[in-house]
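In: give me the fold of what follows.
(one chain, ligands or ions: 2)
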Amino acid sequence: MSLGIVCHCAPACKACDYAKNNNIPVAQYPHSKVLDSGLSAAELVALLRQFEVDIVLLAGYLKLLPNEVVQAFPRAILNIHPALLPAFGGKGYFGRKVHEAVIKSGARYSGPTIHFVDEKYDHGSIVAQRVVPVLPHDTPEDLSARVMKEEHKLYPEVVAAICEDRVFWREDGVPLIRRSWDEAEYY
Ligand SMILES: Nc1nc2c(c(=O)[nH]1)N[C@@H](CN(C=O)c1ccc(C(=O)N[C@@H](CCC(=O)O)C(=O)O)cc1)CN2
Ligand SMILES: NCC(=O)N[C@@H]1O[C@H](COP(=O)([O-])[O-])[C@@H](O)[C@H]1O
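Out: Numbers count the residues shown, from 1 in each chain. Ligands and ions are numbered 1, 2, ... in the order given. This next block holds a predicted model:
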């Protein structure tokens, strides 16, 4: 699998820096009237098709992907969220705000969730999760760092499983990922 193109919603983006330093094309979505730059949804879909993109991976993307994009890539858009969905997700739950809400709730555990993307924020089928403790005196920064450490391990594992066709859909629509072809264990 190779990284086809990096799309960003904000100019200052570490993934963009990586892409530019590694000769990977970069595009901006959505269109910004202020900057007078960026793609429309139709242009984004056309560009992804042009680059023969099979899987779209969202990571820190802070805008709602419109139906036009979501429907163009059925069961092929993933997102990673820094909390245990369905809790602490939806509109307004991004970045530090997520960890603030988790701490304020008194929850004893948190962790990353990887899910397929549908038309709503953080609503698509859950693919994998990891659990980390929320400690009594955690700041949002403490919890963010603990969750992100697991994010950076879990996302590559899930993407590898999808590329190796180890995703199975249960009859009720829940996606299951086998840890490997040898074992009958799932994430
Ligand atoms: N169609 C979908 N689009 C996106 C999803 C999704 O599940 N379906 N996930 C988000 C990522 N995300 C949480 O994982 C998320 C990102 C942003 C927001 C949010 O409330 N954004 C604000 C705007 C923030 C800004 O512009 O700085 C808002 O919409 O008011 C919630 C959840 C990516 N897209
Ligand atoms: N709801 C979406 C959301 O909060 N995504 C979160 O934004 C962070 C991006 O970190 P980064 O900017 O260092 O890549 C990650 O923790 C990701 O889970």
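
In: okay, Ala107: pLDDT?
Out: The model reports Ala107 with a pLDDT of 98.

In: in space, what's closest to it - neighbours in sequence excluded?
Out: Val134 (5.7 Å; Cβ to Cβ, 6 or more residues apart in numbering). Heads up, the C-betas are built off the backbone N, CA and C, glycines and all.

In: can you list contacts of stretch 107-114?
Out: Residues outside stretch 107-114 that contact it (Cβ atoms under 8 Å, 6 or more residues apart in numbering) are 78-85, 87-89, 99, 102, 122, 126-134, 143, 146-148, 150-151, 154-155, 158.

In: near ligand 2, which residues of the chain?
Out: Ala59, Gly60, Ile80, His81, Pro82, Tyr93, Phe94, Gly95, Val98, Met148, Glu151 (Cβ under 6 Å from any ligand atom).

In: sitting in strands, which of the contacts of stretch 107-114 do you find?
Out: Taking DSSP state E, the ones among the contacts of stretch 107-114 that sit in strands are Leu78, Asn79, Ile80, His81, Ile126, Val127, Ala128, Gln129, Val132, Pro133.

In: buried members of these into ChimeraX, please.
Out: Entered in ChimeraX, the line below selects the buried ones among the ones in strands among the contacts of stretch 107-114, by 16 or more other Cβ atoms under 10 Å:
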select :78,79,80,81,126,127,128,129,132
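
In: can you redo the ones in strands among the contacts of stretch 107-114 as a markdown table with distance to ligand 1 and pLDDT?
Out: Output for the ones in strands among the contacts of stretch 107-114, formatted as a markdown table (distance: Cβ to the nearest ligand atom, whole Å; pLDDT from 0 to 100):
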| residue | distance to ligand 1 | pLDDT |
| --- | --- | --- |
| Leu78 | 10 | 98 |
| Asn79 | 4 | 98 |
| Ile80 | 7 | 98 |
| His81 | 4 | 98 |
| Ile126 | 11 | 97 |
| Val127 | 12 | 97 |
| Ala128 | 14 | 97 |
| Gln129 | 13 | 97 |
| Val132 | 17 | 98 |
| Pro133 | 21 | 98 |
